[in-house]
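>>> Sequence plus the predicted model coming up.
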Amino acid sequence: MNRIDACRPAAVLVAMTLAWSGAATPVRAQSEEADREAVLSVLDRLFDGMRMSDSAMVGSVFHPSAQLIGTAQRDGSPVVSFIPIQRFVTAVGNATGEWNEPYWDPIVQIRDNLATVWTDYAFYLDGEFSHCGVDAFMLARTEAGWKIVSLADTRQADGCELPPQRD
């Protein structure tokens, strides 16, 4: 065996490794973008359901064991409240006005079957500004798709950043 023949297996291995690593990057990027879009579509479905007072739509995005956690300041002290998911879903269905909660600049992180989204929001009741803050979502991938397992938010009425104007 000459020197060139002895190097062929190594050259083939290097070429295959480079080809596979180059091919994996676009596939992984496509998969990550698909997951990101799927996660954000859950949020869009939640907020669409809130605007339409559609409790079935809102309920469909939550895992049955989901928790809602609200944080705020009262009389200068931090307050944390826990709201059962079914109470929130019922409240959406019984809303007497339109609940509109635009969000912007979401920061999405996904690893395996867990996703988090941190995003600014503003809440409007019948077109009138009510409050703003940050929504922190935790989602889990289930056999039925991504489901919200936890939603925590901050709430403030003053010093709010409002959503950018959309065309």
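Received it, and whenever you're ready, just let me know what you need.
>>> I'd like the distance between P64 and R111.
Using C-beta to C-beta, to the nearest Å, P64 is found at 23 Å from R111. C-beta here means a position set from N, CA and C on the backbone, and glycine is covered the same way.
>>> cool, L68 as well?
Distance of L68 to R111, given as C-beta to C-beta: 23 Å.
>>> of these two, who's got more company?
When neighbours are counted by other C-beta atoms under 10 Å, L68 and R111 differ, and L68 comes out ahead with 18 against 8.
>>> element containing the residue nearest to the more buried one when sequence neighbours are not counted, please.
Nearest residue to L68, sequence neighbours excluded (C-beta to C-beta, 6 or more residues apart in numbering): I83, at 4.2 Å. Assigned by DSSP states H and E, I83 falls within strand 77-84.
>>> List of residues touching that strand?
Here strand 77-84 makes contact (C-beta atoms under 8 Å, 6 or more residues apart in numbering) with 67-73.
>>> which two in these are spaced the farthest apart?
Within the contacts of strand 77-84, Q67 and Q73 form the most distant pair, 20.8 Å apart (C-beta to C-beta).
>>> higher neighbour count, those two?
Neighbour count, other C-beta under 10 Å: between Q67 and Q73, Q67 has more, with 16 against 11.
>>> Can you get me a residue count around the residue nearest to the more buried one when sequence neighbours are not counted?
Ranked by C-beta to C-beta, 6+ apart and with sequence neighbours excluded, the top spatial neighbour of Q67 is S150, at 5.1 Å. By other C-beta under 10 Å, 18 other residues sit near S150.
>>> That concludes my questions; thank you for your assistance.
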